[in-house]
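>>> Need a 3D model of the following:
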Amino acid sequence: MAKLEETTTDSLLRFIYVIHHSLTTVFWQVPGVTDIGLKPRNVKKAAVIGGGLMGSGIATALILGNIHVILKEINSEFLLKGIKTIEGNYFSHVSEVGIIGYT
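This is a model prediction of the structure:
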């Protein structure tokens, strides 16, 4: 009988499968919620507090997901900087991926 050799790729793929399986069964099944048939609601609008690195990234992801975003900042200077960062993120993404329907 031939002996099966295990490579690093085999180990990594098996690890990824186990992690993916663990995450999908543990985090997506909430007792008292997912087992009684509750479904997530569609999000149409979200507020992001702070337009720094993390806030602007979150706002960009929401905008790309077609969700209206309200950005809150402590002053107008930081607000404008956050908006410029979001615009840069958005246009960078659009130039790399394109907009579906606008090719």
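
>>> Distance check, the spatially most central residue of the chain against Y90.
Closest to where the C-alpha atoms of the chain average out (C-alpha atoms, centre = their mean) is A61, at 6.3 Å. As judged by C-beta to C-beta, to the nearest Å, A61 and Y90 stand 10 Å apart. (C-beta placed from N, C-alpha, C; glycine too.)

>>> do the same with H21
Taken as C-beta to C-beta, the span from H21 to Y90 is 34 Å.

>>> of these two, who's got more company?
The neighbour comparison of H21 against Y90 (other C-beta atoms under 10 Å) goes to Y90, with 15 against 10.

>>> what's the more buried one in contact with, if anything?
Neighbouring residues of Y90 by C-beta atoms under 8 Å, 6 or more residues apart in numbering: T60, I63, L64.

>>> and the strand or helix carrying it, which residues are buried?
Using DSSP states H and E, Y90 maps to helix 76-97. The neighbour-count criterion (16 or more other C-beta atoms under 10 Å) identifies G82, T85, I86, N89 as the buried residues of helix 76-97.

>>> Stretch 52-60 too?
G55, S56, I58, A59, T60.
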